[in-house]
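**Student:** Next come a sequence and a model predicted from it.
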Amino acid sequence: SQQGEEDPQALSIQEGENATMNCSYKTSINNLQWYRQNSGRGLVHLILIRSNEREKHSGRLRVTLDTSKKSSSLLITASRAADTASYFCATVYGNNRLAFGKGNQVVVIP
Amino acid sequence: ETGVTQTPRHLVMGMTNKKSLKCEQHLGHNAMYWYKQSAKKPLELMFVYSLEERVENNSVPSRFSPECPNSSHLFLHLHTLQPEDSALYLCASSQDPVNYGYTFGSGTRLTVV
């Protein structure tokens, strides 16, 4: 069953702006992971945040986690055209299976 | 390249054809997965292999038949498919998904005509 679910909005922003997308989940988690998918390609693991962490940074990525609200956000700062992609959150369930959300499409206009 | 290679990248097949998708990883991962990604739908987990044994089959129609001859290779055999089976088929592998997630291949874009 799907546990991660992004806000179902497509973002269209200008290069240099920040992009924020959200994810909600339904059950308790060990960690939450974010992936990026360029058009017609596979998913690429971006960043993982553990349930005891509230914020994590990796380059221009900033992830927050609010376990009380069962939600996470991914912020991409100073966006670039190459950031155009779909972004998925994923949570672990059952026998170490990942459940992915529906994805959030981001278009960065040069 | 991610270390997970899928072939072919694109495949067009008729409903009466038989074809196979191939996935290969040399990352030393012990689990491999097939996912189906259709437009505007969440990723659908189809099959899971752990140490070459199928451990999960999520109510996938029998026209999809997986095979895992060894820990590095995974196949998806296709026969008598339907147009609604057209999708991007993604292979992934993992060693420790809780801490490191999955590594995905680039996918096979399948079109059934």
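**Tutor:** That came in fine, so what should we check first?

**Student:** So which residues on chain A come close to chain B?
**Tutor:** A:2, A:30-31, A:33, A:35, A:40-45, A:48, A:88, A:90, A:92, A:95-98, A:100-103 (Cβ under 8 Å from any Cβ of the partner chain). All C-beta spots, glycine's among them, are computed from the backbone N, C-alpha and C.

**Student:** try 10 Å this time
**Tutor:** Residues of chain A that fall close to chain B, judged by Cβ under 10 Å from any Cβ of the partner chain: A:1-2, A:4-5, A:8, A:29-31, A:33-35, A:37-38, A:40-48, A:50, A:88, A:90, A:92, A:94-103.

**Student:** Okay, and the beta partners of whichever residue of chain B sits closest to chain A?
**Tutor:** Per Cβ to the nearest Cβ, the residue of chain B with the smallest distance to chain A is residue B:104, at 3.4 Å. Residue B:104 forms beta bridges with residue B:92, as assigned by DSSP bridges.

**Student:** so what's it up against?
**Tutor:** Contact analysis of residue B:104 by Cβ atoms under 10 Å, 6 or more residues apart in numbering or on different chains lists A:35, A:37, A:41-45, B:2-4, B:6, B:23, B:33, B:35, B:43, B:90-94.

**Student:** sorry, back to before: what subset of the residues of chain A next to chain B is buried?
**Tutor:** A:2, A:4-5, A:29, A:31, A:33-35, A:37, A:41-48, A:88, A:90, A:92, A:97-103 (16 or more other Cβ atoms under 10 Å in any protein chain shown).

**Student:** would residue A:33 count as being in a strand?
**Tutor:** Yes: remark: residue A:33 belongs to a strand, assigned using DSSP: H, G, I helix; E, B strand; the rest coil.
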